[in-house]
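> below: sequence and its predicted model.
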Amino acid sequence: MHPAPSDELRVAAFRDLDTTTLYAILKLRADVFVVEQECAYGDLDGRDDEPGTRHLWFTRDGEIRAYVRILDDGDVQRIGRVVTAKTARGAGLSGRLIQEALTVIGNRTSVLDAQSHLVNFYAKFGYTRTGPEYLEDGIPHIPMRREPS
């Protein structure tokens, strides 16, 4: 018997991403956010390559299975673009990624804009609602914040 393949965590700044990895990350984001969620929006917002941005992802056998981006917004760190490949859902990768993101963020305040149906998921990590629900690209979102513990 062979051991089950495991997902490998990667963390990188934009300048450390090779073109194949960057392409795979952007393809995953487009496949889920634009195609699956039927939401035409400008995913390439000019923030992926900022010096303070960190990209985290799980990969297995060359496939990017889950991804999150952390932006440095000065006084807060912003979590966004949380995405899991359709074939990798149900394996707990999003939760593992958020936990890893919180390790990278360290003792700093972080914020995110949760799709409304995921508020309880983020609450498990200490995020609390900070404002009313709003529509972004036709999808209901709720702003959330987590203070360092």
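Thanks, I have the structure now.
> how about the longest strand along the chain: buried residues?
Longest strand of the chain, by residue count under DSSP state E: strand 63-72. Within strand 63-72, the residues that count as buried by 16 or more other Cβ atoms under 10 Å are Ile64, Arg65, Ala66, Tyr67, Val68, Arg69, Ile70, Leu71, Asp72. To be clear about C-beta, it is placed using only N, CA and C from the backbone, and glycine gets the same treatment.
> farthest pair in those?
The span of those, defined through Cβ to Cβ, is set by Arg65 and Asp72 at 25.2 Å.
> just checking: what are the partner strands of the longest strand of the chain?
Strand 63-72 has the following sheet partners, assigned by DSSP bridges: strand 54-60 (antiparallel), strand 77-84 (antiparallel).
> any chance of the ones you listed in JSON lines, plus mean pLDDT, distance to Ile98 and mean neighbour count?
Putting these into JSON lines (pLDDT from 0 to 100; distance: least, Cβ to Cβ, whole Å; neighbours: other Cβ atoms under 10 Å) gives the following:
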{"stretch": "strand 54-60", "mean pLDDT": "95", "distance to Ile98": "9", "mean neighbour count": "20"}
{"stretch": "strand 77-84", "mean pLDDT": "94", "distance to Ile98": "7", "mean neighbour count": "21"}
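> tabulate those strands (JSON lines), appending distance to Ser149.
Below are the strands paired with strand 63-72 laid out as JSON lines (distance: least, Cβ to Cβ, whole Å):
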{"stretch": "strand 54-60", "distance to Ser149": "20"}
{"stretch": "strand 77-84", "distance to Ser149": "14"}
